[in-house]
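> Coordinates only, no sequence provided:
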């Protein structure tokens, strides 16, 4: 396999970003709804760097980060919109600069979106998702990057801020790189990724302990929930080479669900030989959260764009369905025959591991 082409950054955009940071003091950093390791890792990593530059940054999230990320350095300082709407609104309105990480559209930050849009502060986008919305004054969008954290690492180093990346910032940035590649088991063939890992590790954090905290610590209720989901709630549509897992609110409450408990559940059915794509539907308060994964050339991003108000990467995408769980399942069953055209003709076709998008 040929090595991945280098991710090239435009010098003029880096210079524009430097000028915005130099000219700002109150800087808001925000990331997408239901933030994952890449969203929180990039936000906190940048937060530490801006603090080292003697700025006054704040990280704002639309809702609560998952419990497994609560021990990342600085996580206790995050302002959560769903917990303190007035404070978040005031913080954004007073900002000199807003930096948006790990999302490509303002709708991905839910009710925080209109507040950010209304702000007169300059806006910066640093992201690795396809098709950015072009709402930012400076847009650094690189879909070839395995994670926003890896892209942020490159941005910081090429801007000359590498000496401001200390142990805590490095740990946060590494956390996002690790989680968005399944601990470097997919979408991780870029040799430069491992150069970045070595550089970050020299800052002195313990990657093995970090992995244990984030990826290998489970509550009893989480294990039971995932076991129930696989044993009782997984359906296989053999003709369409699709597997579906659903969990409604009653089931989530029965197993004392906490944010992050179903992380990576959507990946499990792809271990079944011949399975081409999977979907996990989780019922939220007023919508159904949709997560999808696929192998090879099957474009789950198109399915999410056309049927579930979402998008993402070819092999990893997500969205939201505003209706009941039964209606969402019916929507999937409507889409499956139309997407059979993308199924491989040979079950032995290549099936690279898939990216993570939450």
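The structure has been received and is ready for your questions. Since the model is a prediction, treat every value here as computed from it, not as a measurement.

> C-alpha from now on. contacts and neighbour counts both.
OK.

> What number of residues are in the vicinity of residue 138?
20 (other Cα atoms under 10 Å).

> Not counting sequence-adjacent ones, nearest residue to it?
residue 124 (4.8 Å; Cα to Cα, 6 or more residues apart in numbering).

> what's the one you found sitting at in phi/psi?
phi -120, psi 140 (degrees, to the nearest 10).

> so it touches residue 141, yeah?
No. In this structure, residue 124 is not within contact of residue 141 by Cα atoms under 8 Å, at 10.3 Å.

> what bridges to the residue nearest to residue 138?
Beta bridges link residue 124 to residue 99, residue 138, judged by DSSP bridges.

> which regions of the stretch 1-150 of the chain lie under the pLDDT threshold?
1-4 (pLDDT under 70).

> mind listing the strands for it?
26-30, 56-61, 79-80, 97-101, 123-127, 138-141 (DSSP state E, counting those that start in this stretch).

> So what touches the shortest one?
The contact list for strand 79-80, computed with Cα atoms under 8 Å, 6 or more residues apart in numbering, reads 58, 59, 60, 61, 62, 63, 64, 87, 88.

> most surrounded residue in the residues you listed?
In terms of neighbours by other Cα under 10 Å, these top out with residue 61 at 27 neighbours.

> Pipe the strands of the stretch 1-150 of the chain into CSV and attach distance to residue 10 per row.
Converted to CSV, those look like this (distance: least, Cα to Cα, whole Å):
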stretch, distance to residue 10
strand 26-30, 22
strand 56-61, 25
strand 79-80, 32
strand 97-101, 18
strand 123-127, 13
strand 138-141, 8
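
> Confirm residue 279 sits in a helix?
No. Assignment of residue 279 by DSSP: H, G, I helix; E, B strand; the rest coil gives strand, placing it outside any helix.

> residues in contact with it?
242, 243, 244, 245, 266, 290, 291, 292, 293.

> For residue 219, which residues are in contact?
Applying Cα under 8 Å, 6+ apart, no residues contact residue 219.

> And the strands of the stretch 1-150 of the chain: which comes nearest residue 194?
strand 123-127 (19.8 Å; Cα to Cα).

> where along the stretch 51-200 of the chain do the helices fall?
With DSSP state H, counting those that start in this stretch as the criterion, the stretch 51-200 of the chain has helices at 85-93, 112-118, 148-158, 167-179, 191-201.

> all strands of the stretch 251-358 of the chain, in order?
For the stretch 251-358 of the chain, the strands defined by DSSP E, counting those that start in this stretch occupy 277-283, 288-294, 311-313, 316-321.

> okay, the ones you listed in a markdown table with mean pLDDT next?
Putting those into a markdown table (pLDDT from 0 to 100) gives the following:
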| stretch | mean pLDDT |
| --- | --- |
| strand 277-283 | 97 |
| strand 288-294 | 93 |
| strand 311-313 | 78 |
| strand 316-321 | 88 |
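
> Can I get these in a markdown table including distance to residue 147?
Listed next are these as a markdown table, based on distance: least, Cα to Cα, whole Å:
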| stretch | distance to residue 147 |
| --- | --- |
| strand 277-283 | 22 |
| strand 288-294 | 16 |
| strand 311-313 | 12 |
| strand 316-321 | 13 |
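
> hmm, back to that, for the strands of the stretch 1-150 of the chain, which one sits closest to residue 281?
Comparing the strands of the stretch 1-150 of the chain by Cα to Cα, strand 56-61 comes nearest, at 22.5 Å.
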